[in-house]
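Asks: Predicted structure and sequence below. I'll ask about it afterward.
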Amino acid sequence: MNAVLSETYTGQGSCSSNLNGTGVLIPNPSCGFSAEVRELKCGGGGLFGDAYFEVSWRVFKENDTNLYKLRYNGSGYCPYPFFGFCYSVGYFVQDTYDYSPPSYVIQIGSVSLTSKGSNVQLGVWTLDAPVFNASASATINIT
């Protein structure tokens, strides 16, 4: 999994991170999977000091239609010092945002999920605020 994150809070701080790694792929009985990469960027570590990007997805067969469906969600964070704390506005991956985004979020990038030659594009979203300039993208190759 590779993820590129960038965030600038006008006049306050910025973060950029290029996260590369094998990620974590954990299948479970309900055909759910997750992948995550992270890197220490700010402060003493832990969730609020790490730049990270994670995506979870599940494939299932819908009983009514016999169609296979994909549900997914995830989050990301690219922190920088902000009034003594590590801060990022944060990023969201959410299937419902891709189909009907709420008015308070904007799309800032995408996730490319590839397995056995098939590719799915998922949106990456963040809060719509004029003082933030953010971008986030990721590539997940399942081998």
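Replies: Good, I have the coordinates.

Asks: Buried ones in the helix or strand hosting residue 34, by neighbour count?
Replies: Secondary structure here is read from DSSP states H and E; on that basis residue 34 sits in strand 32-40. Along strand 32-40, the positions that meet the burial threshold by neighbour count (16 or more other C-beta atoms under 10 Å) are 33, 34, 35, 36, 37, 38, 39. In this view, the C-beta of every residue, glycine as well, is placed from N, C-alpha and C.

Asks: and which of the residues you listed is nearest to residue 48?
Replies: Closest to residue 48 out of those is residue 38 (11.8 Å), distances taken as C-beta to C-beta.

Asks: quick one, what contacts that closest one?
Replies: If a contact means C-beta atoms under 8 Å, 6 or more residues apart in numbering, then residue 38 has 19, 50, 51, 52, 53 as its contacts.

Asks: Filter these down to just the buried residues.
Replies: Neighbour-count burial (16+ other C-beta under 10 Å) is assigned, among the contacts of residue 38, to 19, 50, 51, 52, 53.

Asks: As TSV, those with pLDDT, distance to residue 83 and secondary structure would be great.
Replies: Output for the buried ones among the contacts of residue 38, formatted as TSV (pLDDT from 0 to 100; distance: C-beta to C-beta, whole Å; DSSP: H, G, I helix; E, B strand; the rest coil):
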residue	pLDDT	distance to residue 83	secondary structure
19	91	25	strand
50	89	19	strand
51	92	19	strand
52	92	22	strand
53	93	25	strand
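
Asks: any low-confidence regions in the protein?
Replies: For the chain, the stretches flagged by pLDDT under 70 are 23-30, 44-47.

Asks: For the chain, which segments count as strands?
Replies: 2-9, 13-20, 32-40, 50-61, 68-77, 80-82, 85-87, 91-94, 105-115, 118-127, 132-142 (DSSP state E).

Asks: The fourth one: partners in the sheet, and parallel or antiparallel?
Replies: Strands that pair with strand 50-61, judged by DSSP bridges, come out as strand 32-40 (antiparallel), strand 68-77 (antiparallel).
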